[in-house]
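Asker: generate a structure from the sequence data that follows.
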Amino acid sequence: MSLTLKRGQVPSAESENWILNIEEEKNFTFNLKVPLIVLQKQTYKILTGENENRIRIYLGIESKKTDNDFVLCAYAVPAFLLGSGDVFRDYESPVFKLEIENTNKSAKTEQVLENIRRYRKWRLGETDRENPFSRFRKFIYPNAFLLGKYELHEIFNVQNKDEIQICFGISKVMHSLIYTDVQETREFSDKSVVFNFGDLCPPDCDNSSIFNFKDEI
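Answerer: This is a model prediction of the structure:
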């Protein structure tokens, strides 16, 4: 019997898989310390405002290391819908640093931008080029997250929670790599031209097809 999930809720087995994946990446690409990242209800209300803006969270890296490790940090800004499409633009202020106690950093924009730039360099593999896996980070780690308005409304207003914690996981999905030449075996560093134009099922499935089984989709 399938469990009914709330909008935006991740099944427990899937979230467990994401967490295991990021633990695995600590051996390869992920060498950051992650402190508690918390979004408080009062911060949520300030950022969303009367216009019910969305919240975008940018990732940064602190200027000082801890035990010789980079330390991740996160900043939240309000984002508004531009026109009638799906494009959201950021307001430059206010900007809050998401710690156990959220702090308004609107007066220290340059410090915020410097921490964000530091993360971007890490993401591009520029801070530790000696790590052979650092060049893969840009395919795994995003610059920011645009949080869903309805999910936050459910947590803060319907469930009346005072705060939420933001952790991270990595989803892994097998994609089709399509080559225009045929080889019995391919090397990891194969430089051939490769395409990916295969939509995944799920979610893009024909549920009525005899080749799909309803209890598995």
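Asker: need the strands for the chain, in chain order.
Answerer: 32-33, 38-40, 54-61, 70-81, 88-90, 96-97, 103-104, 144-147, 163-165, 178-179, 194-195 (DSSP state E).
Asker: V112: which of these is closest?
Answerer: Between V112 and those, the shortest separation by Cβ to Cβ is 5.6 Å, and it involves strand 70-81. Yep, even glycine has a C-beta here, placed from its N, CA and C like the rest.
Asker: picking up where we left off before, most packed of the strands of the chain?
Answerer: Across the strands of the chain, the average number of neighbours (mean count of other Cβ atoms under 10 Å) peaks for strand 96-97, which reaches a mean of 22.
Asker: adjacent strands (with direction) for that one?
Answerer: strand 70-81 (antiparallel), strand 103-104 (antiparallel) (DSSP bridges).
Asker: reformat the ones you listed as TSV; add mean pLDDT.
Answerer: What follows is the strands paired with strand 96-97, written out as TSV (pLDDT from 0 to 100):
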stretch	mean pLDDT
strand 70-81	96
strand 103-104	98
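Asker: between the ones you listed, which one is nearest to H153?
Answerer: Ranking these by distance to H153, with Cβ to Cβ as the measure, places strand 70-81 first at 14.6 Å.
Asker: just want the angle from the closest one to strand 54-61.
Answerer: Using axes from the mean of the first three to the mean of the last three Cα atoms, to 10 degrees, one finds that strand 70-81 and strand 54-61 are set 160 degrees apart in direction.
Asker: can you give me the helices for this structure?
Answerer: If DSSP state H is used as the criterion, the helices of the chain fall at 12-25, 41-48, 109-123, 149-153.
Asker: output the contacting helices and strands for the third one.
Answerer: Where contact means 3 or more Cβ pairs under 8 Å, 6 or more residues apart in numbering; DSSP states H and E, helix 109-123 is packed against strand 54-61, strand 70-81.
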